[in-house]
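J.: from the sequence below, what's the structure:
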Amino acid sequence: MNVSRIVSLHVQSDVTPDAEIISTKKRNRKLKPRSSGLYLVRGGGTYLFQIRLPKRIGGGAGSRPIRVSLGAVPHQEARELADALAALARMAFKEIEKRMAGYEGPDLAHIVSAFADEDIPADDWPFEFATLILKGGLFDLREPARAPTPEEAKGLEMMRGLVRIGREVSAKQSGQPHDEMIADNADMLVARHIAKHEKPPEPGTSSHRYYSSTQLSDAPLQQTIAVAPAPNPEPRDRKPITPRISASFVADFMLDRRTVDRRPSNKPLFSDLASNYLAVRTSSKSGKNKDISIAENRLNLFVELIGDHPVDTYTATDLQAFIELLKHWPSNPKYRPAHLSAHEIIA
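T.: Predicted coordinates for the structure are as follows:
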């Protein structure tokens with residue numbers, strides 16, 4: 001007789017009823033948003049370069065960040081721009097620290113003098129200075145300057161020399177540390193610097209007549225008898241000789257450069273090129289930009305004092321005249337009434 005084995009329906013399992021099955025109930029983990037990278041933040045569809053001033057020059061964790069818009073560029077390009085601007089920012093921070101310690105060197109620190117005419121709090125200039133350097137650096141990174149021609153390089157060298165002389169003269173007048181050798185002999189140094197970079201006269205333009213040995217050999221030789229010249233009687237009404245050298249002579253750079261004669265030219269006016277330049281700078285910025293406003297004021301002052309002429313008719317004398325007039329330009333805005341012209345203010 002076959003007896004079936006009794007099997008219990010209550011099967012014991014090693015898995016408890018309230019056990020959580022991981023394979024069917026995975027935890028919903030939220031992915032963290034991807035970081036834009038060091039010194040980079042996103043604002044809408046654009047990237048912003050962001051950095052704070054170090055604590056040693058008035059910055060720190062709680063200070064407002066310096067932000068420069070990079071525009072709507074690919075992430076890789078934004079990353080490269082941020083790396084370059086970060087290196088430039090560290091250089092600017094070192095120059096700010098040197099200036100705070102009283103160092104007056106020939107590096108980036110001299111650019112701070114551009115803020116002398118602006119209403120900027122004394123404790124806020126490090127922020128404005130670093131912002132200006134970074135915005136200028138971004139412009140140079142996006143539009144690298146071409147190599148200057150030999151003529152342009154010569155003009156830039158002359159411009160740097162004149163600007164340095166003008167800076168030392170301004171420092172002397174405002175009672176700041178300056179190079180006495182340059183400031184006390186500014187007029188002579190300007191004249192020598194301009195003469196050094198002016199074009200030499202072209203061959204054949206001299207008023208003197210020169211003869212070569214071949215010209216002398218071709219001329220027929222004539223025998224002449226030396227005769228003593230007859231003495232000229234002294235005229236009774238002889239006029240006094242006028243000296244050719246006079247200290248009252250008016251130099252070219254002392255003339256009104258707005259009305260001096262200039263050669264004909266079909267080149268555009270200085271104001272047209274300057275306006276186009278500022279428009280390009282403005283289009284690459286967002287909002288009102290202080291360094292563009294400063295450049296606009298300086299260019300307008302140059303046109304008021306020297307005149308608006310074709311760009312290829314300006315000479316080194318115009319630069320010398322501009323530097324001479326800036327010696328009398330008041331640094332305090334309250335002494336520059338808006339209803340007066342630049343020449344009226346200087347007068």
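
J.: return the residues in contact with residue 171.
T.: Shown in contact with residue 171 (C-beta atoms under 8 Å, 6 or more residues apart in numbering): 177, 178, 183. C-beta here means a position set from N, CA and C on the backbone, and glycine is covered the same way.

J.: what's the burial count for the last one?
T.: To tie it back to what came earlier, the one meant is residue 183. For residue 183, the neighbour count with other C-beta atoms under 10 Å is 17.

J.: tell me, how many residues neighbour the residue nearest to it when sequence neighbours are not counted?
T.: Leaving aside its sequence neighbours, residue 183 sits nearest to residue 172 (C-beta to C-beta, 6 or more residues apart in numbering; 4.0 Å). Using other C-beta under 10 Å, residue 172 has 18 other residues around it.

J.: may I ask which helix or strand encompasses residue 172?
T.: Using DSSP states H and E, residue 172 falls within helix 150-173.

J.: likewise for residue 48?
T.: If you go by DSSP H and E, residue 48 is part of strand 46-51.

J.: now do the buried residues in that strand.
T.: Within strand 46-51, the residues scored as buried using 16 or more other C-beta atoms under 10 Å are 47, 48, 49, 50, 51.

J.: for the stretch 151-300 of the chain, which segments count as helices?
T.: 180-184, 186-197, 213-218, 270-283, 290-306 (DSSP state H, counting those that start in this stretch).

J.: least reliable of those helices by average pLDDT, please.
T.: Looking at the helices of the stretch 151-300 of the chain, the lowest mean pLDDT belongs to helix 213-218 (a mean of 43).

J.: circling back to that earlier point, per-residue confidence for the residue nearest to residue 183?
T.: The score at residue 172 is 83. That number is its pLDDT.

J.: return the distance of it relative to residue 179.
T.: According to C-beta to C-beta, to the nearest Å, residue 172 stands 9 Å off from residue 179.

J.: please settle this for me: is residue 329 part of a strand?
T.: No - secondary structure assignment (DSSP: H, G, I helix; E, B strand; the rest coil) places residue 329 in coil, not in a strand.

J.: quick one: contacts for it?
T.: 301, 342, 345, 346.

J.: and which of those is nearest to residue 100?
T.: Lowest distance from residue 100 to those (C-beta to C-beta) belongs to residue 301, with 30.1 Å.

J.: show me what contacts the closest one?
T.: With C-beta under 8 Å, 6+ apart, residue 301 has these contacts: 329, 342.

J.: for the one 10 residues further on, same thing?
T.: Contact criterion C-beta under 8 Å, 6+ apart gives 267, 268, 269, 270, 273 as the residues in contact with residue 311.

J.: nearest spatial neighbour of the second one, chain-adjacent residues omitted?
T.: Spatial nearest neighbour of residue 268, excluding adjacent residues (C-beta to C-beta, 6+ apart): residue 311 at 6.3 Å.

J.: what about the one you found, distance to residue 265?
T.: Going from residue 311 to residue 265 by C-beta to C-beta gives 8 Å.

J.: same check on residue 152?
T.: Distance from residue 152 to residue 265, by C-beta to C-beta: 18 Å.

J.: now swap in residue 170 and tell me
T.: Counting by C-beta to C-beta - residue 170 and residue 265 are separated by 32 Å.

J.: neighbour count winner among these two?
T.: Taking other C-beta under 10 Å, residue 170 and residue 265 do not tie; residue 170 has more neighbours (19 against 12).

J.: just the buried ones from the contacts of residue 329?
T.: Buried members of the contacts of residue 329, counted by 16+ other C-beta under 10 Å: 301, 342, 346.

J.: closest one of those residues to residue 55?
T.: Lowest distance from residue 55 to the buried ones among the contacts of residue 329 (C-beta to C-beta) belongs to residue 301, with 38.5 Å.

J.: got a list of what the residue nearest to residue 183 touches?
T.: 178, 180, 183, 184.

J.: pLDDT wise, what is the first one at?
T.: So that's residue 178. Note on residue 178: pLDDT of 84.

J.: next, it: phi, psi?
T.: phi -150, psi 170 (degrees, to the nearest 10).

J.: circling back to that earlier point, just the buried ones from the contacts of residue 311, in ChimeraX syntax?
T.: A single ChimeraX command selects the buried members of these (16+ other C-beta under 10 Å):
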select :269,270
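
J.: with distance to residue 41 as new columns, can the contacts of residue 311 be given to me in a markdown table?
T.: Output for the contacts of residue 311, formatted as a markdown table (distance: C-beta to C-beta, whole Å):
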| residue | distance to residue 41 |
| --- | --- |
| 267 | 45 |
| 268 | 41 |
| 269 | 42 |
| 270 | 40 |
| 273 | 36 |
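
J.: count the neighbours of residue 297 for me.
T.: Neighbours of residue 297 (other C-beta under 10 Å): 12.

J.: roughly how far apart are residue 259 and residue 124?
T.: In this structure, residue 259 and residue 124 are 42 Å apart, going by C-beta to C-beta.
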